[in-house]
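Trainee: build me a model:
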Amino acid sequence: MKIETFERSYVHSIFERVSRVSHTRIVAITGPRQAGKTTIALQVRKKLLDSKIPSWYIPMDSIDSKQSDWFELQESGSTLRTGFQANEQVLVEIWERARQASLDSERGLVLFLDEIQIIPGWSNIVKGMWDTDHRMKFPLRVVILGSAAWRMLIGRNESLVGRFDSIRVPHWTFGEMMQVFGLTANEYMFFGGYPGSFSDGFGNTKLEEWRKYVIESVVAPTIDRDIMGLGLFQN
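Mentor: Here you go, the predicted model:
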């Protein structure tokens, strides 16, 4: 079984929420790096599209990447172009374009914003945009993803309380790793629940390759992006 086809329980619960136009609160998917949050979001997005519900996935750290729906923004008249860097203005424009697209659809639209914590002061922007959506009853549902801890992710903006459904996605359990990769209990205790390190099959994973994966994909981004990013919320 491949990682991309294995659905954790979070996929169904998130889909059930955001597939309803009546669901107004923002869904916040948080958890440690390499726990599979992006994979879950993309699986939910696929289920939405299969159900004929429009959905955009925008990774804020690489907006014009292959997985991103940034071209949808261009088609809707956006000024965003390839090679730009996400900032506060970009976040506002993406949200406004998604808001308009939701009005053009009978079933609204679901907007996924991945790695949103890289945007300085994002929580104040989200609060203002969501308040307008709620007041004007736009059929836009928003899902945000972040690798930082929930307190760090929302910063000091206590006014966000009540606007979110927080869903924490932990590392894979022993049962999940055993089902997909066939790990034994001892192997799971040693290697942990990092499915990405076994994407090519457990039998092909060498200790040195696993160590390199953890350092480059887990430790380094946590320090460079998450811990260093704490400074964004200190003012």
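Trainee: can you tell me the element the residue lying farthest from the centre of the chain falls in?
Mentor: Outermost residue of the chain with respect to the C-alpha centroid, by C-alpha atoms, centre = their mean, is residue 186; its distance is 30.9 Å. Per DSSP states H and E: residue 186 is located in helix 185-191.
Trainee: quick check: next helix or strand after the lowest-mean-pLDDT helix or strand in the chain?
Mentor: Counting by mean pLDDT, DSSP states H and E, the chain has its least confident helix or strand at helix 150-154, which shows a mean of 52. Counting by DSSP H and E, the next helix or strand C-terminal to helix 150-154 is strand 164-168.
Trainee: that next one pairs with which strands, and in what direction?
Mentor: Here strand 164-168 is paired, per DSSP bridges, with strand 26-30 (parallel).
Trainee: only the buried residues of the helix or strand following the partner strand, if you could.
Mentor: With elements assigned by DSSP H and E, the helix or strand that comes after strand 26-30 is helix 37-50. Neighbour-count burial for helix 37-50 flags 37-45, 47-48 (criterion: 16 or more other C-beta atoms under 10 Å). (C-beta placed from N, C-alpha, C; glycine too.)
Trainee: show me what whatever helix or strand comes next after helix 37-50 is packed up against.
Mentor: Toward the C-terminus, helix 37-50 is succeeded by strand 55-59 as the next helix or strand (DSSP H and E). Judged by 3 or more C-beta pairs under 8 Å, 6 or more residues apart in numbering; DSSP states H and E, the packing partners of strand 55-59 are helix 37-50, helix 70-75, helix 88-103, strand 109-114.
Trainee: buried ones in strand 55-59?
Mentor: In strand 55-59, counting by 16+ other C-beta under 10 Å, buried: 55-59.
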